[in-house]
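>>> Starting from these lines, generate the structure:
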Amino acid sequence: MNVTSIYPVVQTHDVATTARWWRMNFGFDVAFEADWYVSLRRDSWELAVLDADHETIPTSHRGSTAQGLLINIEVDDVDAEWHRLTVAGDATVALEIRSEAFGQRHFIVRAPDGVLVDVIQEIEPSAEYAAAFSD
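Now for the predicted structure:
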């Protein structure tokens with residue numbers, strides 16, 4: 001199999017608002033846009049937004065929005081992103097910024113469709129967790 005792309009598609013009831021949120025907060029550009037679907041790109045990363053009631057979704061799953069989805073975005077300076085998105089911006093905080101013993105400093109914000117976005121910077125793990133990492 002020759003895979004050419006793998007990316008998440010977020011089902012939402014407000015395509016325009018959700019796509020705009022990803023563009024404004026994480027610098028995605030529009031690659032394709034219709035009233036029911038927006039394909040977003042940033043460098044080699046892709047994300048799509050789809051109307052939850054669209055006919056391409058199996059009937060059994062229409063109307064459902066993303067639940068239980070957490071998108072991780074790793075950055076160089078999580079404290080700067082915290083400030084940009086929450087202090088200077090208006091992102092909805094789901095988890096305050098903090099450092100974790102397993103080697104992450106991070107915070108979580110909530111996208112308009114309910115998707116959680118975990119903004120992460122890798123840090124040195126505690127001795128307890130360091131042994132769990134492979135070389």
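>>> Just the CA atoms of the worst-scoring helix or strand of the chain on mean pLDDT, as PDB, please.
When the helices and strands of the chain are compared on mean pLDDT, DSSP states H and E, helix 127-130 comes out lowest with a mean of 88. Written as PDB, here are the backbone C-alpha positions of helix 127-130 (Å, rounded to 0.1, in the frame of the first residue of the first chain):
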ATOM      1  CA  ALA A 127      13.800   9.600  36.700                       C
ATOM      2  CA  GLU A 128      10.800   7.400  37.200                       C
ATOM      3  CA  TYR A 129       9.600   7.900  33.600                       C
ATOM      4  CA  ALA A 130      13.000   8.300  31.900                       C
END
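>>> For it, which outside residues touch it?
With contact meaning C-beta atoms under 8 Å, 6 or more residues apart in numbering, helix 127-130 is reached by 101, 102, 103, 124. Any C-beta I mention is one placed from the backbone N, CA and C, and that applies to glycine too.
>>> ok, the third one - contacts?
It stands for residue 103. 122, 123, 124, 125, 126, 129, 130, 133.
>>> Among these, name the buried ones.
Those of these that meet the buried threshold are residue 125, by 16 or more other C-beta atoms under 10 Å.
>>> Pick out the most distant pair among the contacts of residue 103.
Greatest spacing in the contacts of residue 103, by C-beta to C-beta: 122 and 126 (13.4 Å).
>>> Just give me the neighbour total for residue 43.
8 (other C-beta atoms under 10 Å).
>>> And for residue 32, the neighbour number?
Neighbours of residue 32 (other C-beta under 10 Å): 10.
>>> Longest helix in this structure, by number of residues?
helix 15-26 (DSSP state H).
>>> Contacts for the helix or strand following that helix, please.
Sequence-wise, the next helix or strand downstream of helix 15-26 (DSSP states H and E) is strand 29-33. Strand 29-33 has contacts (C-beta under 8 Å, 6+ apart) with 19, 23, 38, 39, 40, 41, 42, 46.
>>> tell me the angle of strand 29-33 relative to helix 15-26?
Orientation of strand 29-33 against helix 15-26 (axes from the mean of the first three to the mean of the last three C-alpha atoms, to 10 degrees) gives an angle of 160 degrees.
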